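Q: Take a look and give me a structure for this.
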Amino acid sequence: MHLPERLRDNLRKPLGVLLVDSEVTKENILKKISKDSLLITVGDASTEKMIKFGINPALQIVDALEKRNKRELPKGIVATLLYCANPPAEITEESIATIKKAFKMEKPVRIIVNGEEDLLVIPIAIFAPENAIILYGQPNEGLVIVKVTQEIRDKAKMIMDSMN
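A: Model prediction:
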């Protein structure tokens with residue numbers, strides 16, 4: 001599925017609550033998530049930030065890139081390692097299948113994406129368990145915190161259905 005040009009502006013709007021860079025602290029994040037939520041990070045910087053805060057996400061989706069520049073993978077404890085290919089501006093069937101598989105694997109799970117992981121927030125919002133928390137970076141702005149609800153699922157499904 002390819003991201004059409006007409007949807008790009010829509011996806012620049014945060015799917016959840018945006019914490020601006022200056023407010024991204026462990027305390028502010030913990031205020032917005034419940035202790036029993038399944039934590040999911042999308043992006044190397046977001047994953048690394050959580051690990052540095054002592055929060056090890058149950059599902060981590062990374063691509064060893066930050067703003068399209070090569071970087072080291074975040075450190076952290078990982079029980080299961082999965083791989084998938086997902087080109088920029090796309091969501092592949094392989095990445096969707098890998099995400100679904102990750103929810104059934106021993107946690108923490110890290111998916112290493114060959115390509116780009118940005119758009120994988122969309123299928124994660126569809127397939128994550130209710131009340132899971134997705135954390136992802138909003139470039140040059142901050143960290144987005146999304147609580148998975150039926151409303152978020154419906155919005156993500158509408159976006160994915162609009163992709164061709």
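
Q: Please count neighbours and contacts with C-alpha atoms only from this point.
A: Will do.

Q: Correct me if wrong: E94 contacts Y83.
A: No - E94 is beyond contact range of Y83, at 9.4 Å (criterion: C-alpha atoms under 8 Å).

Q: which one of those two has more residues nearby?
A: The neighbour count for E94 versus Y83, taken as other C-alpha atoms under 10 Å, is higher for Y83 (17 against 13).

Q: Check for me that that one belongs to a strand.
A: Yes - with DSSP: H, G, I helix; E, B strand; the rest coil as the criterion, Y83 is located in a strand.

Q: which ones are touching it?
A: Neighbouring residues of Y83 by C-alpha atoms under 8 Å, 6 or more residues apart in numbering: 98, 111-114.

Q: if I look at the residue positioned nearest the centre of the chain, how far off is R6?
A: Central residue of the chain (C-alpha atoms, centre = their mean): V42, 2.6 Å from the mean position. With distances taken as C-alpha to C-alpha, to the nearest Å, V42 is found 23 Å from R6.

Q: do the same with Y136
A: 22 Å.

Q: If you count surrounding residues, which of these two has more?
A: Y136 (26 against 10).

Q: Secondary structure element holding that one?
A: Assessed by DSSP states H and E, Y136 sits inside strand 133-138.

Q: Can you name the next helix or strand after that strand?
A: Next element after strand 133-138 (DSSP H and E): strand 142-147.

Q: How about residues contacting that following strand?
A: With C-alpha under 8 Å, 6+ apart as the criterion, strand 142-147 contacts 14-22, 24, 32, 46, 131-138.

Q: Tabulate the CA atom coordinates of it in CSV.
A: Taking Å, rounded to 0.1, in the frame of the first residue of the first chain, the C-alpha atoms of strand 142-147 are listed here in CSV:
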residue,chain,number,x,y,z
GLY,A,142,8.3,16.3,20.1
LEU,A,143,6.8,13.0,21.1
VAL,A,144,3.3,11.8,20.3
ILE,A,145,1.5,9.6,22.9
VAL,A,146,-1.4,7.6,21.4
LYS,A,147,-3.8,5.5,23.6
